[in-house]
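Student: Sequence plus the predicted model coming up.
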Amino acid sequence: MKFGVHTGLQNTSISELQSLWLHIEDLGFEWISIWDHFYAADGTGNPHCLEAVASHAALAATTSRVRCGSLVYSVGYRHPAVLANAAATLDQLSDGRITLGLGGGWLADEYRVYGIEFPPVPVRLRQVEEAIQCVRGLLTQDVTNFQGEHFTLTDARCEPKPVQARLPLWIGGGGEKVTLRTAARYADGWNVPFISPEDYARKVGVLDHHCEGASRDPAEITRSVNVGLAFSDQALHAQFGNIAEFVRPGVLTGSVNEMVDRVGQYRDAGAEWLILAMRAPFDTEGLDRFAAEVLPQLA
């Protein structure tokens, strides 16, 4: 199992994030990612949130070793051509360390306040399915044509190409009928946040079933899970506020031994990456303790 950190962009600054990213890299983690929101992802209506593509670029420029991911860009307010061109440039900036996660978005208020259409879930999921095909074509083909319900590409080009011959495209979300089917058909990786190991194991089984239906080797899809980290209830509520109880099933908490056992459960459920989801106020002491006391027992 590999380990990374997902860094939320709310209630923070680029300067603080740059220091955090360098510290995460120094601790030996292999992944750092950012999210894509215009408002804080906590349901409070707080507008204090850094923009994702610019933050992704800062992450790529600040670090030198870690894989730089996105969990996940919303195709509802980022056209796949915009995402493909941004990803190609980001990959140049990072010297081939970008992973591009795509999703359908969920924070309705940020769409509403900006007048961005927020269609029903089935429509947003169809947009994701089309978008990942468009992005793949633009990143790998000289010329891409695509005619869909939501997106159209006509002799479209994306140059220069990424450094990576196949920049990894991940799908984010846990919907078993559509999201996991889309991941099975088109994605290089899949991520879901804040669910228990038991729920994660069930979804891995569903993903494998969809892979069988798509005549795809399940081993081609990297499986990852985002979990919170809180050595105490106080730390949990400090980071997650009014959504603390909602995310609790997917939070590593308790003693070091309890965390080691919990990580093992995710590993046994099929997770190849365990990504610690952090948000300001960043619990760097907890992260240091995890790196010093938990990770060595998982080597």
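Tutor: Right, received. Where do you want to start? Residues are numbered from 1 along each chain as shown.

Student: Please count neighbours and contacts with C-alpha atoms only from this point.
Tutor: Will do.

Student: Tell me how many other residues surround F282.
Tutor: 18 (other Cα atoms under 10 Å).

Student: go on, V72?
Tutor: V72 - counted by other Cα under 10 Å - has 23 other residues nearby.

Student: Just the pLDDT at it, thanks.
Tutor: We have a pLDDT of 98 for V72.

Student: my guess is it meets G101, correct?
Tutor: Yes: using Cα atoms under 8 Å, V72 makes contact with G101 at a distance of 4.6 Å.

Student: Please enumerate the shared neighbours of the two.
Tutor: 171-172 (Cα atoms under 8 Å, 6 or more residues apart in numbering).

Student: residue boundaries of the strands in the stretch 51-200 of the chain?
Tutor: Ranges of strands in the stretch 51-200 of the chain, per DSSP state E, counting those that start in this stretch, are 67-70, 73-74, 98-103, 144-147, 152-156, 169-172, 189-193.

Student: Now that we have these, can you turn them into a markdown table and tack on distance to E117 and mean neighbour count?
Tutor: What follows is the strands of the stretch 51-200 of the chain, written out as a markdown table (distance: least, Cα to Cα, whole Å; neighbours: other Cα atoms under 10 Å):
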| stretch | distance to E117 | mean neighbour count |
| --- | --- | --- |
| strand 67-70 | 22 | 24 |
| strand 73-74 | 12 | 24 |
| strand 98-103 | 15 | 26 |
| strand 144-147 | 21 | 15 |
| strand 152-156 | 18 | 14 |
| strand 169-172 | 20 | 27 |
| strand 189-193 | 24 | 23 |
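
Student: okay if I get those as TSV plus distance to P218?
Tutor: Conversion of the strands of the stretch 51-200 of the chain to TSV gives the following (distance: least, Cα to Cα, whole Å):
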stretch	distance to P218
strand 67-70	21
strand 73-74	24
strand 98-103	18
strand 144-147	26
strand 152-156	29
strand 169-172	14
strand 189-193	10
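
Student: Next, find the distance separating G45 from H237.
Tutor: According to Cα to Cα, to the nearest Å, G45 stands 18 Å off from H237.

Student: contacts for the top helix by length along the chain?
Tutor: Ranked by residue count under DSSP state H, the longest helix found in the chain is helix 121-140. Helix 121-140 is contacted from outside by 75-76, 79-81, 83-84, 88, 102-105, 118, 143-144, 146, 148, 150-151, 153, 156-158, 161-162, 165-167, 169, 178-179, 182, 186-187, using Cα under 8 Å, 6+ apart.

Student: Buried ones among those?
Tutor: Buried members of these, counted by 16 or more other Cα atoms under 10 Å: 75-76, 79-81, 83-84, 88, 102-105, 118, 144, 146, 153, 156-158, 161-162, 167, 169, 178-179, 182, 186-187.

Student: Report the contact partners of the residue most central in space within the chain.
Tutor: The residue lying closest to the centre of the chain (Cα atoms, centre = their mean) is L71, at 1.9 Å. By Cα under 8 Å, 6+ apart, L71 lies in contact with 6, 33-36, 100-102, 172, 191.

Student: before we move on, what about N257?
Tutor: Counting by Cα under 8 Å, 6+ apart, N257 has contacts V294.

Student: List the backbone torsions phi and psi for the closest residue to R112 other than its chain neighbours.
Tutor: Spatial nearest neighbour of R112, chain neighbours left out: F118 (7.4 Å); criterion: Cα to Cα, 6 or more residues apart in numbering. Backbone torsions of F118, given as degrees, to the nearest 10, read phi -120, psi 80.

Student: Now do F118 against Q10, distance only.
Tutor: Separation of F118 from Q10 (Cα to Cα) stands at 22 Å.

Student: go on, R124?
Tutor: As judged by Cα to Cα, R124 and Q10 stand 24 Å apart.

Student: ok, back up a step: can you give me the angle the longest helix of the chain makes with strand 152-156?
Tutor: Following axes from the mean of the first three to the mean of the last three Cα atoms, to 10 degrees, one obtains 0 degrees for the angle between helix 121-140 and strand 152-156.

Student: Off-centre distance for helix 121-140?
Tutor: Counting by Cα atoms, centre = their mean, to the nearest Å, helix 121-140 is centred 16 Å from the centre of its parent chain.

Student: which of the residues in it are buried?
Tutor: Residues of helix 121-140 classed as buried: 124-140 (neighbour count, 16+ other Cα under 10 Å).
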